[in-house]
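**Student:** Quick one, fold the following:
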Amino acid sequence: MARFFVNHTQHALFADPQIEVEELAKATRLSVEDTNDALYELSGFFKQSHFHMLVKGSLFAEFDRYWRPWNAADDALRLAADILNDPSFPHDCKEIAELYGWQARRLNPVVAYLLERGLILDYRAMGTQPWAIVRIVGKSDPIRRFVKSRS
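**Tutor:** Got it, this is the predicted structure:
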């Protein structure tokens with residue numbers, strides 16, 4: 001189930017993609033009952049809106065490592081260390097992505113990872129696509145502790 005969303009997202013944003021349970025069952029070759037059970041098991045990664053399952057960015061942060069050549073946790077540590085250690089490190093998502101050679105598809109799960117852990121300020125806003133957030137700004141003490149605990 002998680003693999004479907006990892007493989008069918010364009011930018012790894014909330015509600016990207018949106019799909020009805022019946023369509024998801026067909027796409028994953030599961031019964032509707034098994035699909036509902038799988039969605040229940042993964043319910044923390046979804047918001048249900050009428051008949052659609054809306055995926056949260058946290059799913060990509062957790063599951064990309066299984067089907068993509070990157071791991072959001074490793075990327076988050078790299079980004080956090082750069083934010084912590086370089087006072088002139090950029091805040092703009094596009095600049096950060098260009099610096100690392102990443103697309104929004106890779107940076108957005110890192111943002112979800114850092115937001116979930118309270119390591120960056122929440123600059124989410126409408127109309128920021130393909131980015132999940134307007135800018136990435138670390139919270140000094142939490143980000144320092146995060147980097148230090150993983151060094």
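
**Student:** Strands along the chain, start to end?
**Tutor:** In the chain, the strands defined using DSSP state E lie at 18-20, 46-49, 52-55.

**Student:** The shortest one: how far from the chain's middle?
**Tutor:** The reference is to strand 18-20. Strand 18-20 sits 18 Å away from the centroid of its parent chain (C-alpha atoms, centre = their mean, to the nearest Å).

**Student:** In that strand, which residues are buried?
**Tutor:** I19 (16 or more other C-beta atoms under 10 Å). For every residue, glycine as well, the C-beta is placed using N, CA and C.

**Student:** Can you spell out which helices and strands pack onto that strand?
**Tutor:** Here strand 18-20 touches strand 52-55, going by 3 or more C-beta pairs under 8 Å, 6 or more residues apart in numbering; DSSP states H and E.

**Student:** partners of the strand it packs on in the sheet?
**Tutor:** The pairing partners recorded for strand 52-55 under DSSP bridges are strand 18-20 (antiparallel), strand 46-49 (antiparallel).

**Student:** got a list of contacts for that strand?
**Tutor:** With C-beta atoms under 8 Å, 6 or more residues apart in numbering as the test, strand 52-55 has contacts from 5, 9, 14-21, 24, 39, 45-48.
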